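Colleague: How does the following fold in three dimensions:
(one chain, ligands or ions: 1)
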Amino acid sequence: MEDNQDKPHAIMVPCPFQGHIIPFIHLAIKLASKGYIITFINTEKIHHQITKSSPYHDPKTTQDDIFTEARKSGLEIHYATISDGFPLGFDRSLNDDQFLHGLAHVFSAHVDDLFGKIVNKDSRISCLIADTFFGWPSMIAKKYNLVNVSFWTQPALVFTLYYHMDLLKINGHYDCHDNREDAIDYIPGVEGIEPKDLPSYLQAPNTTTIERRIVHKSVFEDVKKADFVICNAVEELEPKTISALQEKQPFYPIGPIFALNGFTMNTVATSLWSESDCTDWLQAKPHGSVLYVSFGSLACCSREEVAEIAHGLLLSEVSFIWVLRPDIMGSYDNDIFPVGFKDEIKDRGLVVPWSCQISVISHPTVGGFLTHCGWNSVLESIWFNVPMLCYPVFTDQITNRKLVVDDWKIGLNLCDRKPIRRDEIAEKINRLMSGKSTNDLRKNMEQIKEKVEHAISSVGSSEKNFNQFIGDLKVRIFKVAR
Ligand SMILES: O=c1ccn([C@@H]2O[C@H](COP(=O)(O)OP(=O)(O)O[C@H]3O[C@H](CO)[C@@H](O)[C@H](O)[C@H]3O)[C@@H](O)[C@H]2O)c(=O)[nH]1
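Modeller: Take a look at the predicted model:
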């Protein structure tokens, strides 16, 4: 039997955002169930927010952390917290530029400090699994003699576009002010992509974009120094892109990494906000009749967009659950809906600040998802066979839309022209929820789902890639330790 001394021990550090923490937690559980010892690091703010929102957390027991129950079932997952450089009361959502600046330039000093305490105390720690969005992993891995694994939480297509920023630059598609429309056909493994489908940070700049583009540039210089890259993507869905990346670096598509069994969902808290229970409301609706509307944890909409969507939902006459975060407009504004909206929707619509998305979209009464195309939402929608109406806002969401609508044909665009208009929204909602379009989308969805299901089966590509990754990692750890 494997002695505890021989077990590989990895430290995992996710970016402190909901869409990154969720796949990191599922990856930690998966690695621990394959015999890894994990030390999982959350920022103090994230720890505070998750435990405050969690129905599992007992505020009387201060020793509790999100993995307490997982440990009881035999998984060896330790937990530590770290400052992100800002006080707990600082509003990271409303001051996102300042927060991102701090993360890019100050956070690494806190990481260094913590690693100094943890790694120097436990010589068995041999590996770092950090979010690709950090710019410091190669420096920390070198300093503490750790194998450097980068975890990418978006599709391979988005990874390769950032990875090849130099090619975009040479060809004039990077920082491009002149609204080029010619297809980008020189990225290895990418057949052709229009400039409008690049992640927002690679498109023509506004002031916020410039800073974020610089961050992405340094991040992608750093990831080239990683020993391994693992990605929450599926080989069969992006085969050419992935095999071209594998020629550059050890790159393992192991997705989708999410709660497929009740274990993680019921024992490990992952939500940053309290989840409203929508089950009773859903229960009373006919099969496939409800549209779920959510823009994830970061995307913001203007007052006009919220108003048009509200009117579009009214006009569509479809039942809906709308997750509307209190900070959705980039401020906390109580007066968010058009006059009379709540009276008019009555029991036809349910508006909540946050939900358990997996429980909602897996419910048989849900028949469509109006989504911002966050990558986790796309994967979850595929898994539960829910066709999408796509309204990408920023970052990878723009490119994810192309995969969903143009390549896989499992979703529709919400509006083909901006700004969005209520009558067009209502028409698209009806097209998604009933009629010929929905049958075509569902047929395509079944084929995509089949590929994903096979990928994570015991003989599928994601499972094989995962096992290959942990085998290669062990060899590397052994080499580094000698
Ligand atoms: O009411 C809700 C809304 C969302 N979720 C969950 O929260 C996650 C949201 O992730 P995602 O759909 O990827 O959206 P974001 O939170 O916006 O994720 C960020 O991180 C993703 C991964 O890097 C990127 O793809 C996105 O563009 C980026 O905004 C998903 O697992 C959802 O199931 C809930 O549980 N309840």
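
Colleague: Could you use CA atoms for every contact and neighbour count after this?
Modeller: Noted.

Colleague: what secondary structure does Met12 sit in?
Modeller: At Met12, secondary structure determined by DSSP: H, G, I helix; E, B strand; the rest coil is strand.

Colleague: Any buried residues in stretch 318-337, and which?
Modeller: 318-325, 327-330, 336-337 (16 or more other Cα atoms under 10 Å).

Colleague: which among these are in contact with the ligand?
Modeller: Val323 (Cα under 6 Å from any ligand atom).

Colleague: Among the buried residues of stretch 318-337, name the least confidently predicted one.
Modeller: Among the buried residues of stretch 318-337, Gly330 has the lowest pLDDT, at 83.

Colleague: That residue: what secondary structure?
Modeller: With three-state DSSP as the basis, Gly330 sits in coil.

Colleague: In contact with it, which residues are there?
Modeller: 93-94, 300-301 (Cα atoms under 8 Å, 6 or more residues apart in numbering).

Colleague: residues from the stretch 101-250 of the chain in reach of the ligand?
Modeller: Within the stretch 101-250 of the chain, the positions near the ligand by Cα under 6 Å from any ligand atom are 153-154.

Colleague: Could you report the separation of the residue of the stretch 101-250 of the chain found nearest the ligand from Phe17?
Modeller: Using Cα to the nearest ligand atom, Thr153 is the residue of the stretch 101-250 of the chain that sits closest to the ligand, at 4.6 Å. To Phe17, Thr153 is 11 Å away according to Cα to Cα, to the nearest Å.

Colleague: The two: which is more packed in?
Modeller: Thr153 (27 against 12; other Cα atoms under 10 Å).

Colleague: Now that one. Nearest residue, chain neighbours left out?
Modeller: Distance criterion Cα to Cα, 6 or more residues apart in numbering; nearest residue to Thr153, sequence neighbours excluded, is Asn232 at 5.3 Å.

Colleague: What sits closest to Gly374 if chain neighbours are left out?
Modeller: Nearest to Gly374 is Gln397, by Cα to Cα, 6+ apart, at 5.5 Å.

Colleague: Wait, that neighbour touches His372, no?
Modeller: Yes. With contact defined as Cα atoms under 8 Å, Gln397 reaches His372; the gap is 6.5 Å.

Colleague: Quick check: bridge partners of the nearest residue to Gly368 once chain neighbours are set aside?
Modeller: Counting by Cα to Cα, 6+ apart, Gly368 lies nearest to Leu291, which is 4.8 Å off, once chain neighbours are set aside. For Leu291, the beta-bridge partners under DSSP bridges are Phe320, Gly368.

Colleague: which residues touch Leu291?
Modeller: Counting by Cα under 8 Å, 6+ apart, Leu291 touches 318-321, 366-370, 433.

Colleague: mind putting the residues you listed in CSV, distance to Ser274 included?
Modeller: Below are the contacts of Leu291 laid out as CSV (distance: Cα to Cα, whole Å):
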residue, distance to Ser274
Val318, 26
Ser319, 23
Phe320, 20
Ile321, 16
Val366, 21
Gly367, 24
Gly368, 23
Phe369, 21
Leu370, 21
Met433, 29
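
Colleague: from the residues you listed, which is closest to the ligand?
Modeller: Distances from the ligand to these, taken by Cα to the nearest ligand atom, are shortest for Ile321, at 9.9 Å.

Colleague: which residues sit in contact with that closest one?
Modeller: Contact analysis of Ile321 by Cα under 8 Å, 6+ apart lists 290-293, 349-352.

Colleague: helix, strand or coil for the closest residue to Trp375 other than its chain neighbours?
Modeller: Distances taken as Cα to Cα, 6+ apart place Gln154 nearest to Trp375, at 5.7 Å, with adjacent residues excluded. Using three-state DSSP, the structure places Gln154 in coil.

Colleague: If you count neighbours, what's buried in the strand or helix carrying Ala104?
Modeller: With elements taken from DSSP states H and E, the one containing Ala104 is helix 96-105. For helix 96-105, a neighbour-count test (16+ other Cα under 10 Å) marks 99-100, 103-104 as buried.

Colleague: Output the set of residues of the stretch 351-482 of the chain in proximity to the ligand.
Modeller: Checking the stretch 351-482 of the chain against the ligand by Cα under 6 Å from any ligand atom, the hits are 354-358, 374-377, 395-397.

Colleague: Same list, those, but as CSV with pLDDT, secondary structure and neighbour count please.
Modeller: Shown next, in CSV, are these (pLDDT from 0 to 100; DSSP: H, G, I helix; E, B strand; the rest coil; neighbours: other Cα atoms under 10 Å):
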residue, pLDDT, secondary structure, neighbour count
Trp354, 97, coil, 21
Ser355, 96, strand, 21
Cys356, 94, coil, 17
Gln357, 95, helix, 19
Ile358, 93, helix, 17
Gly374, 98, coil, 25
Trp375, 98, helix, 22
Asn376, 97, helix, 21
Ser377, 98, helix, 21
Thr395, 93, coil, 19
Asp396, 95, coil, 23
Gln397, 96, helix, 26
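
Colleague: if we can go back for a sec, model confidence score at the residue nearest to Trp375, please.
Modeller: The model reports Gln154 with a pLDDT of 98.

Colleague: pretty sure it is touching Ile398, no?
Modeller: No. The pair Gln154 and Ile398 fails to qualify as a contact (Cα under 8 Å) at a distance of 11.9 Å.

Colleague: residues contacting Gly85?
Modeller: Going by Cα under 8 Å, 6+ apart, the list of residues near Gly85 reads 102-103, 106-107, 110.

Colleague: Kindly recompute the last result at 10 Å.
Modeller: Shown in contact with Gly85 (Cα atoms under 10 Å, 6 or more residues apart in numbering): 43-45, 99, 102-103, 105-110.

Colleague: what about the residue nearest to Thr153, how many neighbours?
Modeller: Asn232: 25 surrounding residues under other Cα under 10 Å.

Colleague: burial of Gly368, as a residue count?
Modeller: 26.

Colleague: correct me, but it touches Lys428?
Modeller: No. Gly368 is beyond contact range of Lys428, at 11.1 Å (criterion: Cα atoms under 10 Å).

Colleague: about what we covered before: which single one of the contacts of Gly330 is nearest to Phe478?
Modeller: Ser93 (41.8 Å; Cα to Cα).

Colleague: So that closest one versus Leu100, what's the distance?
Modeller: 10 Å.

Colleague: cool, Gly288 as well?
Modeller: The value you get for Gly288 to Leu100, if Cα to Cα is used, is 40 Å.

Colleague: For this structure, just list every one of the strands.
Modeller: Along the chain, the stretches classed as strands by DSSP state E are 9-13, 37-43, 77-82, 125-131, 147-152, 228-231, 251-253, 290-294, 319-323, 349-352, 366-371, 388-390, 411-413.

Colleague: how far off strand 9-13 does the second one point, in degrees?
Modeller: By that I understand strand 37-43. Angle of strand 37-43 versus strand 9-13, following axes from the mean of the first three to the mean of the last three Cα atoms, to 10 degrees, is 20 degrees.

Colleague: Give me the helices and strands touching strand 37-43, please.
Modeller: strand 9-13, helix 18-33, helix 44-53, strand 77-82, helix 107-121, strand 125-131 (3 or more Cα pairs under 10 Å, 6 or more residues apart in numbering; DSSP states H and E).

Colleague: among the ones you listed, which is nearest Asn439?
Modeller: Nearest to Asn439 among those is helix 18-33 (29.9 Å), distances taken as Cα to Cα.

Colleague: And the closest one, what's buried?
Modeller: For helix 18-33, by 16+ other Cα under 10 Å, it's 18-32.

Colleague: centre of the chain versus that helix, how much separation?
Modeller: 11 Å (Cα atoms, centre = their mean, to the nearest Å).
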